[in-house]
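A.B. asks: fold the following for me, if possible:
(one chain, ligands or ions: 1)
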Amino acid sequence: MKVRAIMAALCATGLMLGVSAAQAAESVEVLHWWTSGGESKAIGVLKDDMTKQGYTWKDFAVAGGAGAAAMTALKTQVISGNAPSAAQIKGPLIKEWADQGVLVNIDSVAKEQDWKKNLPPQIDKIMQADGHYVAAPFSVHRVNWLYINKAALDKAGGKVPTTWDEFFAVADKMKAAGIQPVAMGGQPWQDFTVWEDVVLSQGADFYKKAIVDLDQKTLTSPQMVKVFDTVRKLTTYFDSSRTGRDWNLATAMVINGKAGMQFMGDWAKGEFANANKKAGTDYVCTAVPGTEKAYTFNVDSFVFFQQKGQKAATPGQLALAKTIMSPDFQKQFSLYKGSIPVRLGVDMSSYDDCAKKSYADEQASIKAGGYVPSLAHGMAQGDATAGAMSDVVTKFMNSNESSKDAVAALAKAAKTK
Ligand code: GAL
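C.D. replies: This is a model prediction of the structure:
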C-alpha cells in the first residue's frame, strides 16, 4: 500500500485524527481511586478517549473509597520525584498542592473552552490557584442521598421517609420483616459521610456555620449534641460485621436485597446501573431525611504535575484537561459514574430520574442558598482540619462515647490547622 493510501485508510477509521508523532510517544500516568464496577467504567471512558488521540494510558489506580490510600501513594510518588501526569485531587487540596509549586497550569484549555462561562461559579473558583487554572473538573456528585431497595421497602410495608421519625419507623418495619435496615461500610470516611448528612438535616444554615465557618458556638450547641444523638441511634440499625467493609460492598447488600437502605453519595448509583438496576423500579433514591432542599456537592477533578522539571503542561496533560471538559465525555462519564455533568448546559434527557432530580435540586439549592460543600469528601476544609474532625466522628461511632464529649472533642478538632 502506498503511503497516501495508508494515511487515507487510517483517517477513514479515525485512527489518524489529531495524532502526531510526538503525541503518539507520550504516555500519561494517571493516579486515581476509581476501582469499583461503576467507577472503573467511568474512568475507562477517559482512557479510551485518550488512547484514540494517540496517547498511552498508564493506569495508577489505588483502591480505597474516598481516596485516603491514593493520597498517601501520591505523596510518596511526588517526594521521590516520580509525580504522575495527573492525579485525582479536589476541593481546597488543589490549592494546597499548587502552593507546593509542583503543578502546571492549563489556562490555555480553560480559555479555549471558556470554562468561566461553562462552569458554576463556585466550581470555577475551586479549579484555580493564584489566578491560574490548575485542575479540570469531571462531574458533580450529590452526597446527601439515601438509597432504598424497592422490594424491601414494599415487603416491610414502609414509605419513603422524609423525616428522621419516618426513617426510624421504616427501619423498624424492615427489622420486623427480617431485613437488615441499613447497609453500612466500615471506614472513617463512611462514618463521616453519615454524620455530615445528619448535620445537613438541621438545615443548610446550620451546616454552613458548623462545617464551612467552623463557628465554635454552633459546634458546641445543643443542636450539635442532638446531631450526635441521632447518629448514635442510627448506629443501632447497622449490622455487626461492618468493620472494614468497602462502600460498594454495602451498596451490593442493598442491590441484592440483603439490606434495605444505604446512606451514600450518588457514586452508589453507578453500582446500581452497573448491576442493571433501574431507578424507581428496583430502587429508590431520595434525599437524606430533612435535607430535601439542600445539596452537599462533591466535585472530582484532576490536577497536573510538572514532568521532568518542566513548568509548562505537556501536550498529553492539555489533552487530558480538554477531554475531561468536553461535552461528550462529560455526558458519558456521568452516565456510568452516577453523577451529573459539572459543565453547564449538557442535555439531561438520557439520564435516569435520580440524575434528573439531582440536576433540578442542584439548580434549586443554588438559588435558595442550600448548595454546600461536602466536608467528608474534601470540599469544605483542608486536609488537617477535615482529618481531625473525621477522627472525632469515627471514634464516637465506634465506641460508647457520650454525645456531649464528642461535641467538645469536635469543637477542639475544628481548630486544627
Ligand atoms: C468520593 C469521590 C467519588 C467516589 C467515592 C468513592 O470521594 O469523589 O468519585 O469515587 O469517593 O470512591
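A.B. asks: which ones are touching residue 372?
C.D. replies: By Cβ atoms under 8 Å, 6 or more residues apart in numbering, the contact set of residue 372 is 200, 204, 207-208, 211-212, 294-297, 380. Placement of C-beta: from N, CA and C, glycine included.
A.B. asks: ok, now with 10 Å
C.D. replies: 122, 143-144, 196, 199-200, 204-205, 207-208, 211-212, 294-297, 365, 379-380 (Cβ atoms under 10 Å, 6 or more residues apart in numbering).
A.B. asks: ok, residue 78 to residue 126 distance?
C.D. replies: 21 Å (Cβ to Cβ, to the nearest Å).
A.B. asks: and those two? Which one has more around it.
C.D. replies: Using other Cβ atoms under 10 Å as the criterion, residue 78 and residue 126 rank with residue 126 on top: 22 against 18.
A.B. asks: does residue 184 count as helix, strand or coil?
C.D. replies: Residue 184 falls in the coil class when you classify it by DSSP: H, G, I helix; E, B strand; the rest coil.
A.B. asks: tell me which element residue 310 falls in.
C.D. replies: Using DSSP states H and E, residue 310 sits in no helix or strand.
A.B. asks: please apply the same query to the one 10 residues further on.
C.D. replies: In this structure, residue 320 is located in helix 315-324 according to DSSP H and E.
A.B. asks: is the ligand within reach of that helix?
C.D. replies: No: figure legend: helix 315-324 not in contact with the ligand (Cβ under 6 Å from any ligand atom); closest approach 13.4 Å.
A.B. asks: what does the stretch 101-250 of the chain put close to the ligand?
C.D. replies: Going by Cβ under 6 Å from any ligand atom, the residues of the stretch 101-250 of the chain near the ligand are 141, 247.
A.B. asks: please repeat the previous calculation with a cut-off of 5 Å.
C.D. replies: Counting by Cβ under 5 Å from any ligand atom, no position of the stretch 101-250 of the chain is adjacent to the ligand.
A.B. asks: all strands of the stretch 101-250 of the chain, in order?
C.D. replies: Assigned by DSSP state E, counting those that start in this stretch, the strands in the stretch 101-250 of the chain fall at 128-129, 132-133, 135-142, 145-149, 180-182.
A.B. asks: check the offset of the longest one from the chain's centre.
C.D. replies: Its chain's C-alpha centre and that of strand 135-142 lie 8 Å apart, by Cα atoms, centre = their mean, to the nearest Å.
A.B. asks: give me the residue from the stretch 151-300 of the chain nearest the ligand.
C.D. replies: The ligand sits closest to residue 267 of the stretch 151-300 of the chain, with a gap of 3.9 Å, by Cβ to the nearest ligand atom.
A.B. asks: can I assume that residue is in contact with residue 41?
C.D. replies: No: using Cβ atoms under 10 Å, residue 267 is not in contact with residue 41; the gap is 11.6 Å.
A.B. asks: between those two, who's got more neighbours?
C.D. replies: Shown here are residue 267 and residue 41; by other Cβ under 10 Å, residue 267 has more neighbours (27 against 18).
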